[in-house]
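>>> okay, sequence plus prediction incoming.
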Amino acid sequence: MEAESMDHIFLQCSFAEELWLFFSGCFNVVWKKLDSMADFLQWWKRKLKIVCCKEVWALGLITVADHIWRERNNRRHEGKVRPINFIKQMILEDIKSSKPSTKGDVKIAVDVICCRKLGLLIQNKPTLPILEVYWRRPQVNWIKLNFDGSSMGNPGRAGASGIFRNHMGAVMDSYKIFIGVSKVFQAEVEGLMVGLMRAREMGITRLWVETDSSAVAISFEKKKTHGDGSIWCPLSFEALLCARRLGISRIQYKPKEIIEVFWCPPPPGWVMLNSNGCSLVNPGKAGAGGILRNVMAERWMSLALYLQSLTWKITHCLREANPVVDFLAKSAAKFEVSTPIVSGQR
């Protein structure tokens with residue numbers, strides 16, 4: 001009588017070996033006879049990386065071992081011996097009843113044969129509709145600006161680029177700039193602002209701006225809605241709000257001499273903090289706030305005036321429709337170069 005051990009019951013006896021050989025053969029995997037359960041489990045784990053139906057392969061380890069143990073108990077304690085072909089069929093039925101997923105696993109003919117041997121239904125991924133993506137020309141007398149930004153690390157070395165084309169698709173102007181270490185959103189915004197400054201120099205009066213960054217498109221559209229692009233509340237609104245909280249129903253306003261008041265941007269490399277505090281009664285409910293701005297704020301304020309003087313729109317496109325500026329922005333970030341590239345006549 002053969003010695004009974006875990007290695008003998010599940011691996012070394014002829015009955016167990018035939019079941020493992022049958023199951024691995026369904027996957028077109030050559031069965032390797034091993035002496036210990038530890039080595040067997042490592043071998044099974046390695047094969048999991050290469051077989052087609054991975055979920056079924058992992059499930060088979062438990063299912064086959066379970067039937068081996070049941071047959072051992074039936075023979076030892078009840079004296080019943082079941083035909084091995086019947087046990088093979090029961091293994092397949094148990095796996096099929098668990099409804100394992102084969103979605104995305106069937107790619108070649110060998111995978112189809114594997115599913116047929118296991119009696120599994122092939123679950124294909126839903127076919128996605130083909131979407132045609134292309135660059136759209138602007139209307140006659142319009143100029144289209146496509147821009148992009150890239151950051152190698154986010155934050156990391158960043159670049160921005162843009163290209164101007166007319167209704168014939170001819171390139172009117174293009175640029176790429178290296179902007180140092182920055183995040184991708186800042187690089188996208190820089191590409192937009194440089195493009196708008198170029199458009200102002202070119203005297204463009206009808207401009208179509210297009211980007212593959214939905215975040216920049218949404219932010220810029222909000223600037224358009226607000227008119228001047230300001231992000232702070234006027235003092236008159238704050239005064240009316242405070243008066244309402246104090247229960248004041250009428251406010252008498254006496255006009256004074258008109259004095260030009262404007263915000264002065266900081267020098268390049270500096271950041272300006274504007275802060276203020278308010279107390280409703282003094283002492284009373286109080287609050288404070290502040291805003292940090294750099295020299296970019298001045299650029300936007302000047303560009304906002306330019307945008308008010310022309311007809312323009314901004315749209316979002318898929319990345320596949322923006323390949324030229326994507327390449328230019330990445331090359332500017334990678335090689336740390338800024339190059340005006342002009343083609344055609346302005």
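That came in fine, so what should we check first?

>>> all helices for the stretch 51-200 of the chain, in order.
54-73, 84-97, 109-118, 184-202 (DSSP state H, counting those that start in this stretch).

>>> what's in contact with the shortest one?
For helix 109-118, the external contacting residues (C-beta atoms under 8 Å, 6 or more residues apart in numbering) are 25-28, 51-53, 56, 92, 95-96, 102, 105-106, 121-122. Heads up, the C-betas are built off the backbone N, CA and C, glycines and all.

>>> try 10 Å this time
Applying C-beta atoms under 10 Å, 6 or more residues apart in numbering, the contact partners of helix 109-118 are 22-23, 25-29, 51-53, 56-57, 60, 91-92, 95-96, 100, 102, 105-106, 108, 120-123.

>>> any idea of the angle that helix forms with helix 84-97?
Angle of helix 109-118 versus helix 84-97, following axes from the mean of the first three to the mean of the last three C-alpha atoms, to 10 degrees, is 110 degrees.

>>> ok, now the last one?
What separates the directions of helix 184-202 and helix 84-97 is an angle of 50 degrees, with the same axes, to 10 degrees.

>>> what's the burial count for residue 105?
Neighbourhood size, residue 105 [other C-beta atoms under 10 Å]: 22.

>>> dump the helices of the stretch 51-200 of the chain to TSV, plus distance to residue 284, mean neighbour count and mean pLDDT.
Converted to TSV, these look like this (distance: least, C-beta to C-beta, whole Å; neighbours: other C-beta atoms under 10 Å; pLDDT from 0 to 100):
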stretch	distance to residue 284	mean neighbour count	mean pLDDT
helix 54-73	66	17	91
helix 84-97	73	15	92
helix 109-118	75	15	86
helix 184-202	40	21	92
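
>>> now those in CSV, with distance to residue 163?
Shown next, in CSV, are the helices of the stretch 51-200 of the chain (distance: least, C-beta to C-beta, whole Å):
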stretch, distance to residue 163
helix 54-73, 46
helix 84-97, 57
helix 109-118, 45
helix 184-202, 9
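
>>> quick check: which of those helices is nearest to residue 130?
Closest to residue 130 of the helices of the stretch 51-200 of the chain is helix 109-118 (C-beta to C-beta; 24.3 Å).

>>> quick one: distance of the closest one to the chain centre.
Remark: helix 109-118 is offset 35 Å from the chain centroid, using C-alpha atoms, centre = their mean, to the nearest Å.

>>> residue 300 reaches residue 193, doesn't it?
Yes. Using C-beta atoms under 10 Å, residue 300 makes contact with residue 193 at a distance of 7.0 Å.

>>> just the CA coordinates of stretch 284-291, formatted as CSV?
The C-alpha coordinates for stretch 284-291 follow below in CSV (Å, rounded to 0.1, in the frame of the first residue of the first chain):
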residue,chain,number,x,y,z
GLY,A,284,-18.7,92.2,15.1
LYS,A,285,-18.7,89.4,12.6
ALA,A,286,-15.5,89.7,10.7
GLY,A,287,-13.8,88.1,7.7
ALA,A,288,-10.6,88.3,5.8
GLY,A,289,-9.4,87.3,2.3
GLY,A,290,-6.6,87.6,0.0
ILE,A,291,-5.5,86.8,-3.6
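
>>> quick check: mean pLDDT of it?
The average pLDDT within stretch 284-291 is 78.

>>> hmm, back to that, the helices of the stretch 51-200 of the chain: which one's closest to residue 134?
Nearest of the helices of the stretch 51-200 of the chain to residue 134, taken as C-beta to C-beta: helix 184-202 at 21.1 Å.

>>> which secondary structure elements does that closest one contact?
strand 143-152, strand 156-165, strand 171-182, strand 206-211, helix 214-226, helix 296-308, strand 311-316, helix 323-335 (3 or more C-beta pairs under 10 Å, 6 or more residues apart in numbering; DSSP states H and E).

>>> could you dump the ones you listed into CSV with mean neighbour count added?
Listed next are the helices and strands packed on helix 184-202 as CSV, based on neighbours: other C-beta atoms under 10 Å:
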stretch, mean neighbour count
strand 143-152, 25
strand 156-165, 25
strand 171-182, 20
strand 206-211, 21
helix 214-226, 14
helix 296-308, 16
strand 311-316, 15
helix 323-335, 20
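
>>> could the ones you listed go into TSV alongside mean pLDDT?
Output for the helices and strands packed on helix 184-202, formatted as TSV (pLDDT from 0 to 100):
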stretch	mean pLDDT
strand 143-152	96
strand 156-165	95
strand 171-182	93
strand 206-211	96
helix 214-226	71
helix 296-308	77
strand 311-316	94
helix 323-335	94
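
>>> redo those as TSV? Include distance to residue 281.
Putting these into TSV (distance: least, C-beta to C-beta, whole Å) gives the following:
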stretch	distance to residue 281
strand 143-152	48
strand 156-165	49
strand 171-182	45
strand 206-211	48
helix 214-226	32
helix 296-308	34
strand 311-316	45
helix 323-335	54
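
>>> so which of those comes closest to residue 80?
Between these, helix 214-226 lies closest to residue 80; by C-beta to C-beta that is 67.3 Å.

>>> helix, strand, or coil at residue 30?
Assigned with DSSP: H, G, I helix; E, B strand; the rest coil, residue 30 falls in the coil class.
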